[in-house]
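Student: Pasting the sequence and the predicted coordinates here, then a few questions.
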Amino acid sequence: MSKMTKSSLVQAIKDKGKNIEGEMSFFDHLEVLRWHIIRSVLAVAVFATLAFTFYDYVFNEIIMGPKKLDFWTYRMMCKVGELLHIDGFCVERIPFNIINTEMAGQFMLQINSCLITAVALGFPYLLFEVWLFVKPALTDIEKRSARGFVFYATILFALGVLFGYYIVVPLSVNFLSNVSLSEEITNQITIDSYLSTIATLSLGCGIVFLLPILIFILSKIGLMTPEFMRASRRYAVVIILVIAAVITPSADVITMLTVSAPMFILYEISIMVSANVKKARAAKEKEFYSNK
């Protein structure tokens with residue numbers, strides 16, 4: 001066997017070894033991801049079981065809460081109306097009935113509402129699993145920069161869900177239930193439509209409230225700057241109003257402005273977050289070049 005043939009054979013074996021090592025690394029990542037997914041599913045299952053155990057409270061107090069006149073938001077609206085002497089601000093009637101039109105409708109209501117509750121309650125743990133999966137690929141500097149990601153994201157998501165449930169949902173339910181085009185039309189709302197409205201508005205607001213976290217990540221990788229966000233503020237106003245119109249099923253201007261107001265605040269907070277990221281990056285670059 002010639003010298004050239006031997007070297008080619010050795011190189012082929014080395015290349016094959018590298019390919020096998022790369023394939024093993026890829027499958028190792030898949031194995032790690034699989035266990036993260038399994039643990040996330042188990043967490044959702046545990047919270048779903050917990051919601052199923054206390055389903056009477058989940059249904060009567062949480063799901064059906066915005067339909068009751070003694071709901072916290074309606075009571076506060078009455079107090080504000082009395083304090084400011086505003087007629088018609090107190091909610092006196094929510095004229096619609098909830099019906100079931102499918103054989104398995106009530107059973108699926110219980111399953112779906114338990115799963116939605118489980119996702120909302122298990123959101124911090126789901127974020128923690130995402131962090132555990134991404135963390136090994138980050139540098140020490142990136143790990144320090146992302147410290148507190150799960151905590152702050154959980155706080156923002158919880159605030160968004162509470163805002164959606166206690167502000168957006170009751171305002172939308174009150175407005176839509178009192179829309180009447182004719183006395184001959186009675187509002188008979190399916191339970192699927194009612195649950196979908198509550199879940200979409202509550203979880204949608206929770207996701208929207210994660211905007212500062214998204215801006216932080218984009219600023220870290222250099223895709224977002226405070227200058228760009230300030231220059232795009234007028235476009236952001238339009239986008240926020242569109243998002244508010246999509247989130248709120250009602251055409252009520254007051255409801256839409258109520259939803260868009262915290263998003264405007266979140267946008268300004270995101271600008272400050274991006275500015276702090278840029279300032280920290282500039283300080284590190286200055287320190288790096290000064291030590292050279």
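Tutor: Ah, there it is.

Student: Check the gap between residue 233 and residue 227 for me.
Tutor: To residue 227, residue 233 is 11 Å away according to CB to CB, to the nearest Å. (C-beta placed from N, C-alpha, C; glycine too.)

Student: Apologies, that question was intended for residue 279.
Tutor: For residue 279, the distance to residue 227 (CB to CB) stands at 13 Å.

Student: just residue 198 next, same as before
Tutor: Here residue 198 is placed at a distance of 40 Å from residue 227 (CB to CB).

Student: The two - which one has more neighbours?
Tutor: residue 198 (25 against 12; other CB atoms under 10 Å).

Student: tell me the pLDDT at the more buried one?
Tutor: pLDDT, the model's per-residue confidence, is 92 for residue 198.

Student: Once you drop chain neighbours, what's closest to it?
Tutor: Take residue 198 and drop its neighbours on the chain: the residue closest to it by CB to CB, 6 or more residues apart in numbering is residue 169, 5.5 Å away.

Student: Give me the pLDDT for the one you found.
Tutor: pLDDT recorded at residue 169 is 90.

Student: What strand or helix carries the spatially most central residue of the chain?
Tutor: With the centre of the chain defined as its mean C-alpha position, the nearest residue by CA atoms, centre = their mean is residue 207, 2.2 Å away. Using DSSP states H and E, residue 207 sits in helix 191-208.

Student: ditto for residue 286
Tutor: Residue 286 belongs to helix 253-290, assigned by DSSP H and E.

Student: Quick one: distance of that helix to the chain centre.
Tutor: 18 Å (CA atoms, centre = their mean, to the nearest Å).

Student: Now do residue 102: how many residues are near it, please.
Tutor: Neighbours of residue 102 (other CB under 10 Å): 12.

Student: how about it, what does it touch?
Tutor: Residues near residue 102 by CB atoms under 8 Å, 6 or more residues apart in numbering: 108, 192.

Student: now swap in the one 3 residues further on and tell me
Tutor: Listed by CB under 8 Å, 6+ apart, the contact partners of residue 105 are 190, 191, 192.

Student: repeat for residue 160
Tutor: 205, 206, 207, 208, 209, 210.

Student: if we can go back for a sec, tell me which residues of the helix holding residue 286 come out buried.
Tutor: 255-256, 258-260, 262-264, 266-267, 270-271, 273-275, 277-278 (16 or more other CB atoms under 10 Å).

Student: Residue 215: neighbouring residues, count only.
Tutor: 23.

Student: ok, now the one 3 residues further on?
Tutor: Residues contacting residue 218 under the criterion other CB under 10 Å number 16.

Student: Please name the nearest non-neighbouring residue to it.
Tutor: In this structure, residue 218 finds its nearest non-sequential neighbour in residue 224, 3.8 Å apart by CB to CB, 6+ apart.

Student: three-state assignment of the one you found?
Tutor: Here residue 224 is recorded as coil under DSSP: H, G, I helix; E, B strand; the rest coil.

Student: That one and residue 274 touch, don't they?
Tutor: Yes: assessed by CB atoms under 8 Å, residue 224 is found in contact with residue 274 at 5.6 Å.

Student: Between these two, which contacts overlap?
Tutor: Residues touching both residue 224 and residue 274 by CB under 8 Å, 6+ apart: 215, 218.

Student: Low-confidence stretches in the stretch 101-250 of the chain?
Tutor: By pLDDT under 70, the weakly predicted segments of the stretch 101-250 of the chain are 138, 141-142, 145, 247-250.

Student: just the helices in it please.
Tutor: 105-121, 123-134, 140-145, 149-163, 169-177, 191-208, 211-220, 226-231, 233-247 (DSSP state H, counting those that start in this stretch).

Student: For residue 64, find the nearest of these.
Tutor: Closest to residue 64 of the helices of the stretch 101-250 of the chain, according to CB to CB: helix 191-208, at 8.8 Å.

Student: still on that earlier bit, helices or strands up against the helix holding residue 286?
Tutor: helix 169-177, helix 191-208, helix 211-220, helix 226-231, helix 233-247 (3 or more CB pairs under 8 Å, 6 or more residues apart in numbering; DSSP states H and E).

Student: For the ones you listed, could you give me JSON lines that also reports distance to residue 123?
Tutor: Below are these laid out as JSON lines (distance: least, CB to CB, whole Å):
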{"stretch": "helix 169-177", "distance to residue 123": "18"}
{"stretch": "helix 191-208", "distance to residue 123": "8"}
{"stretch": "helix 211-220", "distance to residue 123": "13"}
{"stretch": "helix 226-231", "distance to residue 123": "26"}
{"stretch": "helix 233-247", "distance to residue 123": "18"}
